[in-house]
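Student: Okay, here's the prediction I keep looking at, along with the sequence it came from:
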Amino acid sequence: MADVTLVLGGARSGKSRYAEGLVCARPGRRIYVATARVWDEEMAERVAQHRRDRACAGWETVEEPLDLTGALRRHAAADAGVLVDCLTLWLTNLMMEESGPHADVEARVAGLVAALDDLPGRIVLVSNEVGLGIVPDNALARRFRDQAGRLHQAIAARVPRVVLTVAGLPLAVKGELP
């Protein structure tokens, strides 16, 4: 199994910066798998700012909004650190593809979780912890929250380390802080 860390946190909790630091701390190639889709100018600016704020230089960027498992299989390597930012955007993309080839969210999640056993190198997965707030007021939002919770549980059960970031501080939930 790859050396996998799941980094969870709320909006602006410091999860991406912490995850980037984990990859930057080790020598080797740095691969940034971005799952965001740019729908408008505001999102384009967010992505640009995210790139400017990266913790270190030398990232190879792979944009993959849907086939995350395929992207990991193609880019994970013994000499590389791979950062996936983020799982909740990937999940959103899958859910929005209800009639497309990626519509079976549960199967795609199961495929990703199973693939973690076979991937080489170091992998850091970033995701938004969305289950700490109020119950969403509509069915789609409740389904998303539930899917995200199941995704996090499945990955957390499989990987050696889970870190929760709060106010920029990493807290070890499972395993030791790297």
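Tutor: That came through fine. In this text, all values refer to a predicted model and were calculated from it rather than measured experimentally.
Student: name the element residue 89 belongs to?
Tutor: In this structure, residue 89 is located in helix 87-96 according to DSSP states H and E.
Student: Which parts of the chain are helices?
Tutor: Remark: helices assigned in the chain by DSSP state H are 15-24, 41-52, 68-75, 87-96, 105-115, 139-158.
Student: how much does the helix holding residue 89 deviate in direction from helix 139-158?
Tutor: With axes from the mean of the first three to the mean of the last three C-alpha atoms, to 10 degrees defining the directions, helix 87-96 sits at 130 degrees from helix 139-158.
Student: Of all the residues in helix 87-96, which ones are buried?
Tutor: 87, 88, 89, 90, 91, 92, 93, 94, 95 (16 or more other C-beta atoms under 10 Å). (C-beta placed from N, C-alpha, C; glycine too.)
Student: just those residues now: which is nearest residue 173?
Tutor: residue 87 (15.4 Å; C-beta to C-beta).
Student: Double-check that closest one against residue 151; I have them as touching.
Tutor: Yes. Proximity of residue 87 to residue 151 meets the contact threshold set by C-beta atoms under 8 Å, at 6.2 Å.
Student: Could you list every helix and strand that the helix holding residue 89 packs against?
Tutor: Applying 3 or more C-beta pairs under 8 Å, 6 or more residues apart in numbering; DSSP states H and E, one finds that helix 87-96 makes contact with helix 105-115, strand 122-128, helix 139-158.
Student: Distance from the shortest one to the middle of the chain?
Tutor: Same thing as strand 122-128. Per C-alpha atoms, centre = their mean, to the nearest Å, the displacement of strand 122-128 from the mean C-alpha position of its chain is 4 Å.
Student: Note down every partner strand of that strand and its orientation.
Tutor: Counting by DSSP bridges, the strands paired with strand 122-128 are strand 3-9 (parallel), strand 80-85 (parallel).
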